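Participant: Below: sequence and its predicted model.
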Amino acid sequence: MSIDAAGVTLDGDLAVPEGARGLVIFAHGSGSSRLSPRNRSVAGMLREAGLGTLLFDLLTPAEAAIDARTAHLRFDIALLAARLVGVTDWVGAASEMKHLPVGYFGASTGAAAARMRHAVKELVIIPGAGHLFEEPGAMEQVSDHARRWFQQYLGKQ
């Protein structure tokens, strides 16, 4: 889908299960995209737990092409945070989603952008895991913690 946010059009994938009790917006890390197998894995577990998910690209396709050469836009935290705010505003304006409490899931520079929102936050470090969570069991730990956290906090709003 196309999301008009912060003066640009961003690509996104929205999935809201029947009876969802919240929506988790993903702010992926530097050099990643909404198509990342890691993000999609976590999103799948969250949907199984009754939460909607919105994975979107923080950069437009043209910006991503420039960033692939220069790697400078992925570190522009103010730009990424503005995009996240724009997407949140877009969700709030959509009649089918505006009733859902919103949470943010971020990694790397996406986490930095998400931290700029005023809300309950938690930074979790998975011991022994690299930034791609490729170590045995690391991705499962991330997914399990995210599921528990969002069920706890989105269920209370």
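Facilitator: Now that the structure is in, tell me what you want to look at.
Participant: what's the spacing between stretch 140-154 and its chain's center?
Facilitator: 13 Å (Cα atoms, centre = their mean, to the nearest Å).
Participant: Now tell me what touches it from outside.
Facilitator: By Cβ atoms under 8 Å, 6 or more residues apart in numbering, the residues outside stretch 140-154 that reach it are 21-24, 38, 41-42, 45-46, 49-51, 101-103, 105, 120, 122, 124, 126, 129, 133. Quick note: C-beta positions are derived from backbone N, CA and C, even for glycine.
Participant: filter those to the buried ones?
Facilitator: Neighbour-count burial (16 or more other Cβ atoms under 10 Å) is assigned, among the contacts of stretch 140-154, to 21-24, 38, 42, 45-46, 49-51, 102-103, 105, 129, 133.
Participant: Kindly indicate which of those residues lies nearest Gly12.
Facilitator: Leu23 (11.9 Å; Cβ to Cβ).
Participant: picking that back up, from the buried ones among the contacts of stretch 140-154, which land in helices?
Facilitator: 38, 42, 45-46 (DSSP state H).
Participant: Throw those residues into a markdown table and include pLDDT and distance to Ala5, thanks.
Facilitator: Formatted as a markdown table, those follow (pLDDT from 0 to 100; distance: Cβ to Cβ, whole Å):
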| residue | pLDDT | distance to Ala5 |
| --- | --- | --- |
| Arg38 | 83 | 23 |
| Val42 | 89 | 22 |
| Met45 | 91 | 26 |
| Leu46 | 93 | 21 |
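Participant: Nearest to Ile3 among the residues you listed?
Facilitator: Closest to Ile3, out of all of those and judged by Cβ to Cβ, is Leu46, at 18.9 Å.
Participant: Where does Leu55 sit: helix, strand or coil?
Facilitator: strand (DSSP: H, G, I helix; E, B strand; the rest coil).
Participant: For the host helix or strand of Asp144, which residues meet the burial criterion?
Facilitator: Using DSSP states H and E, Asp144 sits in helix 138-154. Within helix 138-154, the residues that qualify as buried are 138-139, 142-143, 146-147, 149-151, 153-154, counting by 16+ other Cβ under 10 Å.
Participant: and Ala78, that one's in a helix?
Facilitator: Yes - counting by three-state DSSP, Ala78 is part of a helix.
Participant: And the residue nearest the centre of the protein?
Facilitator: Phe26 (0.7 Å; Cα atoms, centre = their mean).
Participant: Without its sequence neighbours, what residue ends up closest to that one?
Facilitator: Closest residue in space to Phe26, ignoring its immediate chain neighbours: Leu55 at 4.6 Å, by Cβ to Cβ, 6 or more residues apart in numbering.
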